[in-house]
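Asker: fold the following.
(chains A and B)
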Amino acid sequence: MSGRLGVRPAAPAGTGPRLRHAEPVMGTMFSFDLPAAAAAVLPAVLRWLHWVDATFSTYRPDSDVSRFGRGEAGLTDCAPELAEVIGECAALGERSGGYFTDHPGGRFDPSGLVKGWSIEHAAVMLTAVGQLSHSVNGAGDVQCTGEPVPGRPWRIGIADPLIPQALAAVVSGRDFAVATSGTAERGPHIINPHTGRPATGLASVTVVGPRVATADAYATAAFAMGPAARDWVESLDGYEAFAVAPDGQRWQTSGFAAYAAGD
Amino acid sequence: MRRAVLALGGTVAGLILLLSFRSHTAVPAAAGVAPSTATTPTTPATSAAPSTPVPKATKTTGAGTGTGAGGSKVVTGSVISSAYGPSQVAVTLTAGKITKVTILQHTDDGEMSQEIDGPALPKLVSETLTAQSAQIDAVSGASYTSAGYIKSLQSALDKARA
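Answerer: All right, here's what the predicted structure looks like:
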């Protein structure tokens, strides 16, 4: 079966027509930029995202996450992906000194990881069937694979959290991820798990690195930490950060410049 | 379907198996997806083929492309339903650059909608122009409250990529 579909490039990256697709799922929007040849496999990826939505939603009382959270179902009664997500949440909680948690506000809610995790899995699915040039953007967290056209890296704008008309920075790269946490659209909504109160120390923080699930979780933890996040991200392997403070001041970690794109 | 998904776990082999279930799906892919989605195959600017028809993916409304005077092209996004009501934008391109973004319709059916639309509309227009001038492929930064508009804008921009 795999011989027919195969793990091989459908076409050299960027040499054919492109497909853009926007999918409303998980209460937000997922945008895809990929070769038109990927049209045949996209529906399976979209179905999987909707399955993740149904399984991990905290808004659906019958979801695995809701039943597990209420203690009505054990891990073995739930989709095995739930155990995978809980394991990753625990590792991220450890690495972030507890600033990332699957119990924000005290109740079980792995949503902080699920979106980035599903963006990453969607990208892995596409790569697994030989699509080597795509970006998957879930509510502003982006996993980029390959390059959009031969010889040009992806260019991802970082929304300015204080000036709606502007981008705060542009980053570029190949096979990398960009995730941003901030208050711009939803107001203070990320809880500092150590105080139980909304974090207000930063206006936004963007984390770049290889994997969007990790970058997204790091961005969430960094936002909860506030200014102290700078030293924390410096200590992490493979990930860099750029932040805008509420007064408009910016900082970035030492390796961020490697991602910064000129205008 | 759920059984199939679960059985595949996270392995590459499993993913290929999963994806191969749908490998026979006809192009455009979105034909059988929910009506609120929009898929638009586009052609890169490097292979200009003006006579190539653009597949009418899931467009159920008056979305499309028109050429105006002076080489301008107007690209109209699909009407997008969101929790805040329908929205639609049109992008005017001159020599491949976005020169204008027009809001064709927006919600006006209640205080809540007004509250959301008020700040959201001018911001959206500005973001479009900024994004174009920076030649970016995507934007990082959460955009939940204006999801409907963002989608409509992306629908228009995706067509503008052609």
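Asker: return stretch A:152-170 as PDB; C-alpha atoms alone will do.
Answerer: Backbone C-alpha positions of stretch A:152-170 (Å, rounded to 0.1, in the frame of the first residue of the first chain) are rendered in PDB as follows:
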ATOM      1  CA  ARG A 152      13.800  31.400  -0.200                       C
ATOM      2  CA  PRO A 153      13.200  30.700   3.400                       C
ATOM      3  CA  TRP A 154       9.800  31.200   5.100                       C
ATOM      4  CA  ARG A 155       9.100  34.700   6.300                       C
ATOM      5  CA  ILE A 156       6.900  34.900   9.400                       C
ATOM      6  CA  GLY A 157       5.700  38.200  10.700                       C
ATOM      7  CA  ILE A 158       5.300  38.700  14.500                       C
ATOM      8  CA  ALA A 159       2.300  40.800  15.300                       C
ATOM      9  CA  ASP A 160       3.000  43.900  17.400                       C
ATOM     10  CA  PRO A 161       1.000  43.400  20.600                       C
ATOM     11  CA  LEU A 162       0.800  47.200  21.300                       C
ATOM     12  CA  ILE A 163       0.400  48.700  17.800                       C
ATOM     13  CA  PRO A 164      -2.300  46.900  15.800                       C
ATOM     14  CA  GLN A 165      -1.100  48.300  12.500                       C
ATOM     15  CA  ALA A 166       2.400  46.900  12.800                       C
ATOM     16  CA  LEU A 167       4.500  43.900  12.900                       C
ATOM     17  CA  ALA A 168       7.000  43.900  15.700                       C
ATOM     18  CA  ALA A 169       9.500  41.700  13.800                       C
ATOM     19  CA  VAL A 170       9.900  39.300  10.900                       C
END
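Asker: so which bits of it are buried?
Answerer: Burial within stretch A:152-170, assessed by neighbour count using 16 or more other Cβ atoms under 10 Å in any protein chain shown, is assigned to A:153-162, A:164, A:166-170. The C-beta positions use only the backbone N, C-alpha and C, and glycine is treated the same way.
Asker: just give me the closest of those to chain B.
Answerer: residue A:159 (2.9 Å; Cβ to the nearest Cβ).
Asker: correct me, but that closest one touches residue A:142?
Answerer: No: counting by Cβ atoms under 8 Å, no contact exists between residue A:159 and residue A:142, whose distance comes to 11.8 Å.
Asker: overlap in contacts, the two.
Answerer: Here residue A:159 and residue A:142 have residue B:140 as joint contacts, going by Cβ atoms under 8 Å, 6 or more residues apart in numbering or on different chains.
Asker: okay, and which of the buried residues of stretch A:152-170 map to strands?
Answerer: Using DSSP state E, the subset of those located in strands is A:154, A:155, A:156, A:157, A:158, A:159, A:167, A:168, A:169, A:170.
Asker: quick check, pLDDT for the fourth one.
Answerer: At residue A:157, the predicted lDDT confidence score is 84.
Asker: next SSE after the longest helix along chain A?
Answerer: Counting residues, the longest helix in chain A under DSSP state H turns out to be helix A:111-128. Following helix A:111-128 in sequence order, the next helix or strand is strand A:134-138 (DSSP states H and E).
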